[in-house]
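S.K.: Would you be able to build a 3D model of this:
(one chain, ligands or ions: 1)
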Amino acid sequence: MSNYLIYGANGYTATLTAREAVARGQRPILAGRNTAAVAALAAELGLEHRIFSLDDAPALRTGLAGMTAVLHCAGPFAHTAKAMASACLDTGVHYLDITGEISVFESLFALDAKAKAAGVMLLPGVGFDVVPSDCLAAHLKRRLPTATKLALGFQTSGRFSRGTATTMVENLHRGGAIRRGGVLTHVPAAWQSRTIDFGRGPVEAMTIPWGDVATAYRSTGIPDIEVYVATSPRPRLLTKALRPFGWLLGSRLVQRFLKRRIQAGPPGPTDEERHRGWSLLWGEATDDAGRRVVSRLRGPEGYTLTMLTSLAVLGRVLSGQAPPGFQTPSLAYGPDFVLEIPGVERMDE
Ligand SMILES: NC(=O)c1ccc[n+]([C@@H]2O[C@H](COP(=O)([O-])OP(=O)(O)OC[C@H]3O[C@@H](n4cnc5c(N)ncnc54)[C@H](OP(=O)(O)O)[C@@H]3O)[C@@H](O)[C@H]2O)c1
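M.R.: Prediction:
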């Protein structure tokens, strides 16, 4: 029987996913480094659990024994993806994660040849970042095959989980990133602003270094890519004002202070907030002849969507659909994959 393991199971997003998996009658194995927390969750859900650290290479490989796939949920992934992916390559286990970190996508892409040789699929970004936006990017490319520029954007309700906030804090000092001429290009934070109608009327949005800068290029081949997030004026102005202070934001002292504040807060949105929440995505592709296509997606709140897309990908993998090598969601399952998620709708302008 094929089965999968959820690593970092005691984290906010992994716990949501494990609970939903059990509600669907699945029996994933829960894993992580925190014995008490992982064992407690496993006991509550009636699941098997395994404890191992990512720093212990032999234990990590033993921990993956017998699995078809791992859903890796222990982030920030800049610290964890490499160890887990290399253990997956060694043990023939398909690798899925919920990263949104550009550097992680790029480092996993560099393992493409090894993954193909091992018959292993590496599919990072099976959550809110990047399943809906990647499917939207591929859909826009399908609508305008001559596209040379791609702009993607999102607007969501609600707040971040601790893990997301920590990952964002770790990247604060790095500024922004876009793709220009096919090359990942560093730009200042909040580099460009534009007014975007995500589907609820026009709002201001600014560029952010989001995962699609890495993945949408692999999915579409479009050489120029920017990603926008809807913001109110205050965070946009603050982001710009902090540009010269990258060295300070990246300092150990400031990082420690910000992370302590995050840990003192709630783990993530409450169930009620998630149920009330929503997410909107917008994408625009243009070509050199001045043609332009715009499409939008609307769907559930970001963490709910992450749980649903992760389980949808796992469903495909366990039924044998796991093309070896580095994949993006749309490369593996097509631009319409996201439409299988309950509550997701796509509109073409
Ligand atoms: N792409 C998306 O749309 C999306 C959506 C949701 C979350 N995320 C990302 O997923 C990650 C987790 O988010 P979350 O909100 O679930 O975080 P969380 O509640 O803080 O949980 C993090 C989990 O990762 C584990 N972990 C962290 N570093 C580890 C390491 N070095 N070795 C082993 N385990 C480690 C933690 O274990 P301990 O308890 O032992 O510390 C915990 O189980 C974040 O990076 C977040 O940005 C992305």
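S.K.: host element of whatever residue of the stretch 101-250 of the chain ends up closest to the ligand?
M.R.: Nearest residue of the stretch 101-250 of the chain to the ligand: Gly163, at 2.0 Å (Cβ to the nearest ligand atom). Glycine gets a C-beta too; all of them are placed from N, C-alpha and C. In the assignment (DSSP states H and E), Gly163 maps to helix 162-171.
S.K.: sorry, back to before: what's around the residue of the stretch 101-250 of the chain closest to the ligand, how many residues?
M.R.: Per other Cβ atoms under 10 Å, the neighbour tally for Gly163 reads 22.
S.K.: Check Asp348 too.
M.R.: Using other Cβ under 10 Å, the number of residues around Asp348 comes to 10.
S.K.: how close does it get to Leu238?
M.R.: The gap separating Asp348 from Leu238 is 35 Å, by Cβ to Cβ, to the nearest Å.
S.K.: Residue numbers of the chain in contact with the ligand?
M.R.: With Cβ under 6 Å from any ligand atom as the criterion, the chain comes near the ligand at residues 8, 10-14, 32-34, 37, 54, 73-77, 79-80, 98-100, 125, 127-129, 161-164, 167, 267-268, 303, 306.
S.K.: Was I right to think Gly163 contacts Tyr12?
M.R.: Yes - between Gly163 and Tyr12 there is a contact at 6.1 Å, judged by Cβ atoms under 8 Å.
S.K.: tell me, what's touching the two both at once?
M.R.: Common neighbours of Gly163 and Tyr12 are listed as Gly268 (criterion: Cβ atoms under 8 Å, 6 or more residues apart in numbering).
S.K.: Show me the beta-bridge partners of Gly176.
M.R.: Per DSSP bridges, the residues bridged to Gly176 are Val187.
S.K.: Show the contacting residues for it.
M.R.: Contacts of Gly176 (Cβ under 8 Å, 6+ apart): 186-191, 207-209.
S.K.: Only the buried subset of those, as a PyMOL command please.
M.R.: In PyMOL, a selection of the buried entries from the contacts of Gly176 looks like this (16 or more other Cβ atoms under 10 Å):
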select buried, resi 189+190+191+207+208+209
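S.K.: and which of the contacts of Gly176 is nearest Gln155?
M.R.: The shortest approach to Gln155 among these belongs to Ile208, at 12.2 Å (Cβ to Cβ).
S.K.: so who does the closest one touch?
M.R.: 176, 190, 227-229.
S.K.: Recalculate using a threshold of 7 Å.
M.R.: 176, 227, 229 (Cβ atoms under 7 Å, 6 or more residues apart in numbering).
S.K.: same question, Lys82
M.R.: Going by Cβ under 7 Å, 6+ apart, the list of residues near Lys82 reads Ser107.
S.K.: Distance of it relative to the ligand?
M.R.: Per Cβ to the nearest ligand atom, to the nearest Å, Lys82 is found 11 Å from the ligand.
S.K.: picking up where we left off before, closest one to Tyr333 out of the contacts of Ile208, please.
M.R.: Val227 (21.1 Å).
S.K.: Leaving out sequence neighbours, find the closest residue to the residue of the stretch 101-250 of the chain closest to the ligand.
M.R.: Gly75 (5.3 Å; Cβ to Cβ, 6 or more residues apart in numbering).
S.K.: Which residues does stretch 19-26 contact?
M.R.: 28, 45, 307, 311.
S.K.: With respect to the ligand, which of those residues is nearest?
M.R.: Met307 (8.8 Å).
S.K.: what sits against that closest one?
M.R.: With Cβ under 7 Å, 6+ apart, Met307 has these contacts: 16-17, 20.
S.K.: so how far is Val126 from Gly299?
M.R.: Taken as Cβ to Cβ, the span from Gly299 to Val126 is 15 Å.
S.K.: Arg159 belongs to a strand, doesn't it?
M.R.: No - read with DSSP: H, G, I helix; E, B strand; the rest coil, Arg159 is coil and lies in no strand.
S.K.: And the helices in the stretch 201-349 of the chain, which stretches?
M.R.: For the stretch 201-349 of the chain, the helices defined by DSSP state H, counting those that start in this stretch occupy 212-220, 233-241, 246-249, 252-264, 271-276, 302-318, 329-333.
S.K.: Using PDB, write down the CA coordinates of the third one.
M.R.: Coordinates of the C-alpha atoms in helix 246-249 are reproduced here as PDB (Å, rounded to 0.1, in the frame of the first residue of the first chain):
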ATOM      1  CA  GLY A 246      18.700  45.900   4.900                       C
ATOM      2  CA  TRP A 247      21.900  45.400   6.900                       C
ATOM      3  CA  LEU A 248      20.000  46.200  10.100                       C
ATOM      4  CA  LEU A 249      17.000  44.000   9.300                       C
END
